[in-house]
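Visitor: here's my sequence, what's the structure:
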Amino acid sequence: MEIKVEKIDKTQLEKLGIFRWPIWEKEESSFDWYYDNEERCYFIEGEVEVETDDAKQVAINKGDYVIFPKGLKCTWNIKKRVRKHYKFGE
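Guide: Below you'll find the model as predicted:
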C-alpha cells in the first residue's frame, strides 16, 4: 500500500472543495494508526514522518496533498504541529 504525496495548485484545491473539508489538528507526538477508509487530506501546516508496516518512511509537509489508502497500518511521528483539511472515503 502506497501513500501518495503531491503538490497541487490553489485552483485544484478549490475544484476539489478542500477548503470546505473539516480541519484536524495535533501537537507534536507519535501514535499508531489504521485506515479503515481512504483518507484524502491537505496539510495547512506541520511536518510529519509516517512509517508504514513495511518500514517505508514518508515525509509530509505544509502544502502537501496526501492520499492514505484504505487498509494502511502506520505510525505517525509529528515533528511540527499539524493542521490539515481531511476527507474520508470517496
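Visitor: residue contacts, G89?
Guide: By Cβ atoms under 8 Å, 6 or more residues apart in numbering, the contact set of G89 is N37, E38. Quick note: C-beta positions are derived from backbone N, CA and C, even for glycine.
Visitor: could you pull out the strands in this structure for me?
Guide: In the chain, the strands defined using DSSP state E lie at 4-6, 23-26, 29-34, 39-52, 57-61, 65-68, 73-88.
Visitor: off-centre distance for the fourth one?
Guide: In terms of Cα atoms, centre = their mean, to the nearest Å, the gap separating the centre of strand 39-52 from the centre of its chain is 3 Å.
Visitor: next, the buried residues of that strand.
Guide: E39, R40, C41, Y42, F43, I44, G46, E47, V48, V50, T52 (16 or more other Cβ atoms under 10 Å).
Visitor: report the two of those residues separated the most.
Guide: Checked with Cβ to Cβ, those reach their widest spread between I44 and T52, with 23.5 Å between them.
Visitor: I'd say S30 and T75 touch.
Guide: Yes. Look at S30 against T75 with Cβ atoms under 8 Å: they come within range, at 6.6 Å.
Visitor: neighbour count for those two, which is higher?
Guide: The neighbour comparison of S30 against T75 (other Cβ atoms under 10 Å) goes to T75, with 14 against 11.
Visitor: for that one, which non-adjacent residue is closest in space?
Guide: The shortest distance from T75 to any non-neighbouring residue, by Cβ to Cβ, 6 or more residues apart in numbering, is to E51 (4.8 Å).
Visitor: so how far is Q57 from the residue sitting furthest away from the middle of the chain?
Guide: Of all residues in the chain, T11 has its C-alpha farthest from the mean position, at 19.5 Å, by Cα atoms, centre = their mean. The spacing between T11 and Q57, counted by Cβ to Cβ, to the nearest Å, is 31 Å.
Visitor: same question for Y42.
Guide: Applying Cβ to Cβ to Y42 and Q57 gives a distance of 21 Å.
Visitor: go on, V82?
Guide: V82 is 17 Å from Q57, by Cβ to Cβ.
Visitor: what number of residues lie near P69?
Guide: 13.
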